[in-house]
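Engineer: Starting from these lines, generate the structure:
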Amino acid sequence: MQKMIIAIDGLAATGKSTQAKRLATYLKYRYIDSGAMYRAVTWFALQNNCCASPKQCDVNALIAHLPALQITFKTIEKGSSTLFLNGENREKEIRGMEVSQWVSTVAAIPEVRTFLVDQQRSMVQMQGIVMDGRDIGTVVFPNADLKFFFTAQPKVRAQRRYDELRAAGQNPEYKVVLQNVTERDRLDSTRAIAPLVKAPDAIEIDVSDLDLEATFQRLLTHLPKNH
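Structural biologist: A predicted model of the protein is given here:
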């Protein structure tokens, strides 16, 4: 049975990563969270004073650091994929609100995108893969065997992200989370390089009224019958 490349793109906080992980586990494929890679670079930029307020980054300083960044994924628990940056587990750090507020700015830097897209493509090798992000089906793997695009109403997505942050021990304001979600949509959709758009051949799924199980079952209905 030939293994596929499956791309799941979509708006922020639509549950792309959750569904991509589950689908990869179901198919016994490798899962790669491309968004975590951009978050890792963003976290590094913040830690090394490459970005400051207002939304301005010392692009040249960040670019100079890129060759020294090693991003890998390891399976710590069944069905999970944990990001390591230069050998250190940074999964918790990259999920914070500060990183969320900066990641679209860093992701818009052409050199950062080129650096990470090259890494993402090199991860495919000869095995089946499920990768989620913003430009997987349009830029990273435009010839992916199967493409999905997730959407949902802003308030629904903000509530989901708010609940995730609370569950992780953070105490954000809902209105700040909502502002972040909508601003990331705007920045990601209007950037000059690899903007967030639905691939013409992607299957769109609005998850506004779907729970996790219903969303997963929707994905399964689109798998080829031999999978």
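Engineer: all strands of the protein, in order?
Structural biologist: Using DSSP state E, the strands of the chain run over residues 5-10, 30-33, 51-52, 56-57, 71-74, 82-85, 88-89, 129-133, 146-151, 203-206.
Engineer: And the pLDDT for Ala192?
Structural biologist: In this model, Ala192 is scored at 91, pLDDT.
Engineer: residues in contact with it?
Structural biologist: Listed by Cβ atoms under 8 Å, 6 or more residues apart in numbering, the contact set of Ala192 reads Ala108. Quick note: C-beta positions are derived from backbone N, CA and C, even for glycine.
Engineer: Contacts only, for the residue most central in space within the chain.
Structural biologist: The residue lying closest to the centre of the chain (Cα atoms, centre = their mean) is Gly35, at 2.5 Å. For Gly35, the contacting residues are Lys16, Ser17, Val103, Asp132, Gly133, Arg134, by Cβ under 8 Å, 6+ apart.
Engineer: 10 Å instead?
Structural biologist: Ala12, Lys16, Ser17, Ile94, Val103, Ala107, Met131, Asp132, Gly133, Arg134, Ile136 (Cβ atoms under 10 Å, 6 or more residues apart in numbering).
Engineer: how about the nearest residue to the second one, chain neighbours excluded?
Structural biologist: Closest residue in space to Lys16, ignoring its immediate chain neighbours: Asp132 at 4.1 Å, by Cβ to Cβ, 6 or more residues apart in numbering.
Engineer: returning to that earlier point: now tabulate the strands of the chain in CSV and tack on distance to Ala214 and mean neighbour count.
Structural biologist: Shown next, in CSV, are those (distance: least, Cβ to Cβ, whole Å; neighbours: other Cβ atoms under 10 Å):
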stretch, distance to Ala214, mean neighbour count
strand 5-10, 16, 26
strand 30-33, 21, 22
strand 51-52, 38, 16
strand 56-57, 39, 14
strand 71-74, 28, 15
strand 82-85, 27, 19
strand 88-89, 32, 10
strand 129-133, 18, 28
strand 146-151, 13, 22
strand 203-206, 10, 16
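Engineer: any idea which helix is longest in this structure?
Structural biologist: helix 174-190 (DSSP state H).
Engineer: same for it, what does it pack against?
Structural biologist: Contacts defined by 3 or more Cβ pairs under 10 Å, 6 or more residues apart in numbering; DSSP states H and E place helix 174-190 against helix 97-107, helix 154-167.
Engineer: My understanding was that Ile8 contacts Asp132; is that so?
Structural biologist: Yes. At 4.1 Å, Ile8 and Asp132 qualify as touching, with contact defined as Cβ atoms under 10 Å.
Engineer: what is in contact with those two at once?
Structural biologist: Thr14, Gly15, Lys16, Ser17, Gln19, Ala20, Leu23, Ser34, Phe148, Phe150.
Engineer: ok so, going back, quick one, what contacts the residue nearest to Lys16?
Structural biologist: Here Asp132 is in contact with 6-10, 14-21, 23-24, 31-36, 148, 150 (Cβ under 10 Å, 6+ apart).
Engineer: try 6 Å this time
Structural biologist: Listed by Cβ atoms under 6 Å, 6 or more residues apart in numbering, the contact set of Asp132 reads Ile8, Lys16, Ser17, Ala20.
Engineer: and the residues you listed as TSV, adding pLDDT and distance to Gln159?
Structural biologist: Formatted as TSV, the contacts of Asp132 follow (pLDDT from 0 to 100; distance: Cβ to Cβ, whole Å):
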residue	pLDDT	distance to Gln159
Ile8	98	21
Lys16	95	16
Ser17	92	17
Ala20	96	21
